[in-house]
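J.: What shape does this take:
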Amino acid sequence: MKTIGLIGGMSWESSIEYYRIINQKVREKLGGTHSAKCVMVSVDFAEIEILQHEGLWQEATQMLIDAAIHLEAAGADFIVLCTNTMHKMAEEIQKNTSIPFLHIADATAQKVSSSGISIIGLLGTRFTMEEDFYKGRLLRNFNLNVVVPDENDRKMIHHVIYDELVKGVIRPESKREFLKVIEKLILEGAHGVILGCTEIGLLVKEGDCRVPVFDTTRIHAEAAVAFALE
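T.: Sure, this is the predicted structure:
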């Protein structure tokens, strides 16, 4: 079994889910009392959030590079960055480490493509929904056409993520608003929806809407187990 290197804390609410899913999946695959071999470097999300919203991406990038270097030094065989938004700096992390990097968008896109879907809705932080680092990768590498919410809905989703979900606050009214947005995306042609923020899966579940839901936290964690057990 390879040792999984996790960069967590963005937020720790979803990092817990990674740890839980990874260990459950290892036990399911290997049986008995097996659990995952892993190491984690967990950052202070308050520091990351400030850098994000002030546009100080280079400083945020260096923090994650340092975390990845620490993982490699601690014996990790590959890196799992437990967040969607911070994959904005995935290439820089890869350049500064010598172990494989398991990209969350690639794992998710493979799952979407294998389901036969080519038009997919995307929910996430404003950065993930609006910038090219995520949507562009899905289109260029996997030929997936991405539909995102309108500006007002993007603002609402971003607000709920940062003011509620990363703090562990789950509000039924926020869930209803998210499901309304998903329905709009369906009407615009989406045949499924990517929960492109690792906290959204705490709010929206498979079966909550009439199209398949792709929870990036679960998909990424299960891909990590598959890679660790190859």
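
J.: what's the neighbour count on the closest residue to residue 137 other than its chain neighbours?
T.: Sequence neighbours aside, residue 105 is the residue nearest to residue 137 in space, at 4.9 Å (criterion: CB to CB, 6 or more residues apart in numbering). The C-beta positions use only the backbone N, C-alpha and C, and glycine is treated the same way. Residue 105 is flanked by 24 other residues according to other CB atoms under 10 Å.

J.: do residue 206 as well
T.: Around residue 206 there are 12 residues (other CB under 10 Å).

J.: if I look at the spatially most central residue of the chain, how far off is residue 26?
T.: Geometric centre of the chain, nearest residue: residue 84, 3.7 Å, by CA atoms, centre = their mean. Distance of residue 84 to residue 26, computed by CB to CB, to the nearest Å: 23 Å.

J.: go on, residue 189?
T.: 38 Å.

J.: of those two, who's got more company?
T.: Each of residue 189 and residue 26 has its neighbours counted (other CB under 10 Å); residue 26 has more, 21 against 12.

J.: Unless I misread the structure, residue 122 falls within a helix.
T.: No - assigned with DSSP: H, G, I helix; E, B strand; the rest coil, residue 122 falls outside any helix and is strand.

J.: Which stretches in this structure count as strands?
T.: 4-8, 38-42, 78-81, 119-123, 145-147, 193-195, 213-215 (DSSP state E).

J.: Buried deepest among those strands, which one?
T.: strand 193-195 (a mean of 29; mean count of other CB atoms under 10 Å).

J.: so what does it touch, helix or strand wise?
T.: strand 119-123, helix 172-187, strand 213-215, helix 216-228 (3 or more CB pairs under 8 Å, 6 or more residues apart in numbering; DSSP states H and E).

J.: any weak-confidence spans in the chain?
T.: Within the chain, no range satisfies pLDDT under 70.

J.: how does it divide up, domain by domain?
T.: Segmentation of the chain into domains, based on automatic domain parsing, reads 4-103+219-228, 105-215.

J.: what separates the spatially closest residue to residue 15 that is not a sequence neighbour from residue 82, distance-wise?
T.: Leaving aside its chain neighbours, residue 15 sits nearest to residue 8 (3.4 Å; criterion: CB to CB, 6+ apart). According to CB to CB, residue 8 and residue 82 sit 5 Å apart.

J.: Common neighbours of those two, please.
T.: Common contacts of residue 8 and residue 82 (CB atoms under 8 Å, 6 or more residues apart in numbering): 15, 18.

J.: who touches the nearest residue to residue 125 once chain neighbours are set aside in this structure?
T.: By the measure of CB to CB, 6+ apart, the closest residue to residue 125 outside its immediate chain neighbours is residue 85, 4.8 Å from it. Each residue near residue 85 by CB under 8 Å, 6+ apart is listed here: 10, 52, 124, 125, 127, 128, 197.

J.: Now tabulate the residues you listed in a markdown table and tack on neighbour count and distance to residue 118.
T.: Compiled in a markdown table, the contacts of residue 85 are given as follows (neighbours: other CB atoms under 10 Å; distance: CB to CB, whole Å):
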| residue | neighbour count | distance to residue 118 |
| --- | --- | --- |
| 10 | 26 | 30 |
| 52 | 20 | 31 |
| 124 | 26 | 19 |
| 125 | 23 | 24 |
| 127 | 18 | 24 |
| 128 | 28 | 20 |
| 197 | 31 | 22 |
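
J.: wait, what's in contact with the nearest residue to residue 67 once chain neighbours are set aside?
T.: Leaving aside its sequence neighbours, residue 67 sits nearest to residue 41 (CB to CB, 6+ apart; 4.2 Å). Contact partners of residue 41, counting by CB under 8 Å, 6+ apart, are 5, 6, 7, 8, 67, 68, 70, 71, 74.
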